[in-house]
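**Q** Sequence first, then the predicted structure, then my questions.
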Amino acid sequence: MNEVRLGRHAALRRLTVVLSVAYLGALALIAFWPAPVDRGVHGSLVSILAALQRHGAPGWLTYTFVEFAANIALFVPVGLLGVILVGARHWWIAIVAGLAASFCIEFGQLIFLPARFATVNDIIANTFGAGVGAVAALGVIGLTHAWPSAGPRSPTARRLHTP
């Protein structure tokens, strides 16, 4: 690895740590807010989904589906940031971290937040989201490693691209 790549790697790692801290702070606020975070819009969302279904939207587009999808999306950063922090070789740790974090959140809601609903479906969705993020990170890492470097071309590469 040359000095430029090492510098970029260190910068990416620092940025990832900063983004992880910010994300985890936001996740903690969402997860441990005393009331459900969608309390103010729940009725409106249900009405919008019902109207969409009356106008041809598929029957599976329900509040339950939207909530499940939102939980998936909420945990995609766990997988993305986790893989960057632990490395591609240990990608599975990001998914385990998503599962553990989700379990702790749901358990905390069950014990400490009577207005919140702890569910196994949330754990499943959150863990799946971490998995989606981990796979996406692996894909991006794979693409960036397959990308030709911007440095000088080797004699072989020059011969292949010379008209």
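**A** Cool, got the structure. All values reported here derive from a predicted model rather than from experimental measurement. Numbers count the residues shown, from 1 in each chain.
**Q** Check which residues of the helix ranked longest in the chain are buried.
**A** Assignment by DSSP state H gives helix 3-31 as the longest helix of the chain. For helix 3-31, the neighbour count (16 or more other Cβ atoms under 10 Å) marks 16, 20, 23, 27, 31 as buried. (Glycine included, C-beta is placed from N, CA and C.)
**Q** Next: stretch 132-149.
**A** 132-135, 137-138.
**Q** still on that earlier bit, let me know the average pLDDT across the next helix or strand after the longest helix of the chain.
**A** For helix 3-31, the following helix or strand on the C-terminal side (DSSP states H and E) is helix 42-54. For helix 42-54, the mean pLDDT works out to 92.
**Q** cool, stretch 140-155 as well?
**A** Per-residue scores along stretch 140-155 average to 67.
**Q** before we move on, the earlier item: output the buried residues of helix 3-31 in TSV; the columns should cover pLDDT and distance to S47.
**A** Output for those, formatted as TSV (pLDDT from 0 to 100; distance: Cβ to Cβ, whole Å):
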residue	pLDDT	distance to S47
T16	93	40
S20	97	37
Y23	97	31
L27	97	28
A31	95	26
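**Q** Among those, pick out the one closest to L143, please.
**A** Distance to L143, by Cβ to Cβ, is smallest for T16 among the buried residues of helix 3-31, at 17.5 Å.
**Q** what's the offset of stretch 124-134 from the middle of its chain?
**A** Per Cα atoms, centre = their mean, to the nearest Å, the displacement of stretch 124-134 from the mean C-alpha position of its chain is 7 Å.
**Q** How about stretch 41-50?
**A** 25 Å.
**Q** residues in contact with it?
**A** 36, 38, 57, 61-63, 66 (Cβ atoms under 8 Å, 6 or more residues apart in numbering).
**Q** circling back: now the buried residues of helix 3-31 in TSV, with distance to W91?
**A** Shown next, in TSV, are the buried residues of helix 3-31 (distance: Cβ to Cβ, whole Å):
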residue	distance to W91
T16	14
S20	16
Y23	18
L27	20
A31	24
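**Q** so where's the chain uncertain?
**A** Applying pLDDT under 70 to the chain picks out residues 1, 147-163.
**Q** Residue nearest the middle of it, spatially speaking?
**A** Centrality entry for the chain: nearest residue to the mean C-alpha point is V76, 1.2 Å, by Cα atoms, centre = their mean.
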